[in-house]
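Student: What follows is a predicted structure for the sequence shown.
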Amino acid sequence: MDRILIIGSSAAGKSSLAIKLGEILGKKVHHLDAYYWQPNWRPLEKEKFREVNHRLVQDSEWIIDGFYGSTFDIRLKEADTVILLDYSRYLCMYRAIKRRIQYNGTIRPDMGSGCKEKIDLEFLKYIWDFPKNKMSEINQSLAESELQRVIRLESPKETEQFIRNVKEKMSQETG
């Protein structure tokens, strides 16, 4: 696992997983939200965001978290591992609301500067509709890719077990 792409719904825990894996594997982590969202929640221009994605995947090792369908092809083509957090919409909605409360008036560590945590109905609707609107696109892209390693995690419990397995494997390799 040298080039890891972590995808899933907003508030599934992609950034948290990326940070944990980055620490365990010693790989640089890139949070796409931090590149895409400019101060005051202004999106980066589409072409500039594509350029950013092309630049990020040039490194030989990386962990990138974020779906962003308009640039998914760039990252998928270069990834050797995709981890899909396929969590329930109820869990993601709960986590989005919890995150809003936790970071009230502040900027999350995985977010672009000048983007204080917020929540609105449009964002909640995106999370709620993610399984219906995005999962078929994701599944089709993964099926058409030449990836040998797609890891689908369907609960936080499965994710924690996956992290424990990675830690165990790393300690066996180094010890």
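Tutor: Here it is on my side, so go on.

Student: Which stretches in this protein count as helices?
Tutor: 14-25, 32-36, 46-56, 72-78, 89-102, 121-133, 135-144, 156-174 (DSSP state H).

Student: and the fifth one, what other elements does it pack with?
Tutor: If you count contacts as 3 or more Cβ pairs under 8 Å, 6 or more residues apart in numbering; DSSP states H and E, helix 89-102 packs onto helix 121-133. Every residue, glycine included, has its C-beta placed from N, CA and C.

Student: chain center to the helix it packs on, what's the gap?
Tutor: Mean-position distance between helix 121-133 and its chain equals 16 Å (Cα atoms, centre = their mean, to the nearest Å).

Student: Report the buried residues of that helix.
Tutor: L124, Y126, I127, W128, F130, P131 (16 or more other Cβ atoms under 10 Å).

Student: mind listing what the first one touches?
Tutor: Meaning L124. Residues near L124 by Cβ atoms under 8 Å, 6 or more residues apart in numbering: M93, A96.

Student: picking that back up, for G112, find the nearest of the helices of the chain.
Tutor: Smallest distance to G112 across the helices of the chain (Cβ to Cβ): 4.8 Å, for helix 32-36.

Student: ok so, going back, Throw the helices of the chain into TSV and include distance to D65 and mean pLDDT, thanks.
Tutor: Below are the helices of the chain laid out as TSV (distance: least, Cβ to Cβ, whole Å; pLDDT from 0 to 100):
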stretch	distance to D65	mean pLDDT
helix 14-25	4	97
helix 32-36	7	97
helix 46-56	11	98
helix 72-78	10	96
helix 89-102	14	96
helix 121-133	15	96
helix 135-144	14	94
helix 156-174	13	94
